[in-house]
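Enquirer: Have a look; sequence and predicted model below, questions after that.
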Amino acid sequence: MDHIKIIKRAGNILWNYRMLWVFGILLALVAGGVGNPGANGSNYQFSGDEAARMDLLPDDLPFDWPRFYALPWMRIAIGVGIGIACLVLVLAVVSTVVRNVVQTSLIRMVDEYEDTGEEVGFKAGWRLGWSRRAFTMWLINLILDVPVALVIIVLLVLAGAPALLWFTRREVLGILGTVAAIGLFFLVILLAIAVGVVITLLKQFFWRRAALEADTVGDSLRGGFGLVKRQLKDVALMWLLMIGIGIIWTIAKIPVAIILVIVFGIVGAIVAAVPGLIVAGIASLFTQGAMPWIIGAIVALPVLMVIISTPLAFLGGLYEAFRSSVWTLTYREARALDRGATAGYAPVLAEELAEPGAQSGLGDAGGADCKGVMSA
């Protein structure tokens, strides 16, 4: 496997295939997600009679929660909190759906571009991702992430168990238990990092088995793991190269990001001030003091954050599209190597097949076989 040629090819695809930028930006916006929050609770409304009867409560209670809850601003705060929790839950669902669809789209767009050389627009690209394959990728993430997270949590709890020796009321045992707990805690963290790195690498191949071969979850896991196992040396080397590229990209991005944030921050402050002042003016008709300015700031701040985050999302999107392209090309080459080991010929990149005379050394039959492998 020619790792440098794959990386160069991915960069060339990214430069020429601009629609990948759009999907990369979408992936950068939702890649972190918002977790899997949940919210449940009650929103019992007190009637006027119930509020009046609160005066009958004893005055020596440590905290008069019912009367505190009956305050108008407290009801508003609780309502806003419930609304925010529901909004976060909706955003979590939407970001999960978009993330899996966009990842599938990027993988299939690059794969089809390598096979046919044709670019697709946003609508066609989205259709490539909006499929059962994206749902399979979500199931793969669920099956891998949830058990691992639970195991890590259990291990962290067990790592803290030696600290319970403080309940023996013996200072020496307590100190020894604390030292042991700290040591075990760092061991669990290191284990979690190692497991996370391995799973993240394997996912690149699990996802592509699901997206490109339309495999089931089980077949994607078995096929992806088997491919990595058989091509472990090439896969590990590409992983190391991508770590290096990621470090270089991060270092190079910092000064550019600082300049863009300053420029877009100034522009964003001017733009966000317009709706903020309008809302503050309207709010001043109904409220007094600092409240109109607070309401205006609440409206202006999201606008400012969106404008500031735009260049960062663009830079992040470029890297996400590039990284996805690299791993898609790596998967194609590893798959071709895996099949070529049996067929008796070497895989080549699609761009090599397009070069004049690229098949001269293989013969007509060998060249046709190589094309069949790369288009599979």
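Expert: Looks like it came in fine.

Enquirer: my guess is V102 meets G129, correct?
Expert: Yes - counting by Cβ atoms under 8 Å, V102 sits close enough to G129 to count as a contact (6.1 Å). (C-beta placed from N, C-alpha, C; glycine too.)

Enquirer: Between the two, point out the one with more neighbours.
Expert: Set V102 next to G129 and count neighbours by other Cβ atoms under 10 Å: V102 wins out with 27 against 22.

Enquirer: remind me which residues of the stretch 101-250 of the chain are low pLDDT?
Expert: For the stretch 101-250 of the chain, applying pLDDT under 70 flags no range at all.

Enquirer: so where do the helices sit in it?
Expert: Assigned by DSSP state H, counting those that start in this stretch, the stretch 101-250 of the chain shows helices spanning 122-129, 132-159, 171-213, 217-230, 232-283.

Enquirer: In CSV, list the ones you listed along with distance to R335.
Expert: Output for these, formatted as CSV (distance: least, Cβ to Cβ, whole Å):
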stretch, distance to R335
helix 122-129, 19
helix 132-159, 16
helix 171-213, 9
helix 217-230, 7
helix 232-283, 12
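
Enquirer: wait, which of those helices is closest to V94?
Expert: For V94, the closest of the helices of the stretch 101-250 of the chain is helix 132-159, at 13.1 Å, according to Cβ to Cβ.

Enquirer: May I see the buried residues of the closest one?
Expert: Buried positions in helix 132-159, judged by neighbour count with 16 or more other Cβ atoms under 10 Å: R133, A134, F135, T136, M137, W138, I140, N141, L144, I152, L155, A159.

Enquirer: so who does S325 touch?
Expert: Listed by Cβ atoms under 8 Å, 6 or more residues apart in numbering, the contact set of S325 reads A10, I13, L14, L20, L106, V110.

Enquirer: re the thing from before, select, out of the helices of the stretch 101-250 of the chain, the one closest to I84.
Expert: Nearest to I84 among those is helix 232-283 (18.5 Å), distances taken as Cβ to Cβ.

Enquirer: quick check, distance from the closest one to the centre of its chain.
Expert: Chain-centre distance of helix 232-283: 16 Å, with Cα atoms, centre = their mean, to the nearest Å.

Enquirer: Which other helices and strands does that helix contact?
Expert: helix 3-16, helix 171-213, helix 291-343 (3 or more Cβ pairs under 8 Å, 6 or more residues apart in numbering; DSSP states H and E).

Enquirer: relative to helix 217-230, how tilted is it?
Expert: Put simply, helix 232-283 runs at 130 degrees to helix 217-230, going by axes from the mean of the first three to the mean of the last three Cα atoms, to 10 degrees.

Enquirer: Helix 232-283 vs helix 171-213, what angle?
Expert: 100 degrees.

Enquirer: Of the helices of the stretch 101-250 of the chain, which is nearest L337?
Expert: Proximity to L337 (Cβ to Cβ) singles out helix 232-283 among the helices of the stretch 101-250 of the chain, at 7.3 Å.

Enquirer: picking that back up, can you pick out the most distant pair from the buried residues of helix 132-159?
Expert: Spatial extent of the buried residues of helix 132-159 (Cβ to Cβ) is set by the pair R133 and A159 at 38.8 Å.

Enquirer: So V198 versus P292, what's the distance?
Expert: Going from V198 to P292 by Cβ to Cβ, to the nearest Å gives 54 Å.

Enquirer: what do you get for W207?
Expert: Distance, W207 to P292, by Cβ to Cβ: 50 Å.

Enquirer: ok, these two, which is more surrounded?
Expert: For W207 and P292, the more surrounded residue by other Cβ under 10 Å is W207, and the numbers stand at 26 against 19.

Enquirer: which residues does the residue nearest the centre of the chain contact?
Expert: Centroid-nearest residue in the chain: A31, 2.2 Å away (criterion: Cα atoms, centre = their mean). Applying Cβ under 8 Å, 6+ apart, we find A31 in contact with R99, G316, E320.

Enquirer: rewinding a little: need the helices and strands packed on helix 232-283 in a markdown table with distance to A257, can you?
Expert: Below are the helices and strands packed on helix 232-283 laid out as a markdown table (distance: least, Cβ to Cβ, whole Å):
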| stretch | distance to A257 |
| --- | --- |
| helix 3-16 | 19 |
| helix 171-213 | 24 |
| helix 291-343 | 6 |
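
Enquirer: which one of the ones you listed lies closest to E118?
Expert: Nearest of these to E118, taken as Cβ to Cβ: helix 3-16 at 11.9 Å.

Enquirer: Now that closest one: average pLDDT?
Expert: The average pLDDT within helix 3-16 is 90.

Enquirer: ok, then the element right after that helix?
Expert: For helix 3-16, the succeeding helix or strand toward the C-terminus, using DSSP states H and E, is helix 19-30.

Enquirer: Any idea how far that following helix is from the middle of the chain?
Expert: Its chain's C-alpha centre and that of helix 19-30 lie 11 Å apart, by Cα atoms, centre = their mean.

Enquirer: E171 - how many residues pack around it?
Expert: Using other Cβ under 10 Å, E171 has 10 neighbouring residues.

Enquirer: what's the answer for S284, then?
Expert: Neighbourhood size, S284 [other Cβ under 10 Å]: 15.

Enquirer: Who's the closest spatial neighbour of it, skipping the chain neighbours?
Expert: Closest residue to S284 apart from its sequence neighbours, by Cβ to Cβ, 6 or more residues apart in numbering: P292 at 4.1 Å.

Enquirer: May I have the residues that are in contact with the one you found?
Expert: Contact analysis of P292 by Cβ under 8 Å, 6+ apart lists A280, G281, A283, S284.

Enquirer: redo that, cut-off 10 Å
Expert: P292 makes contact with L277, V279, A280, G281, I282, A283, S284, L285, F286, according to Cβ atoms under 10 Å, 6 or more residues apart in numbering.
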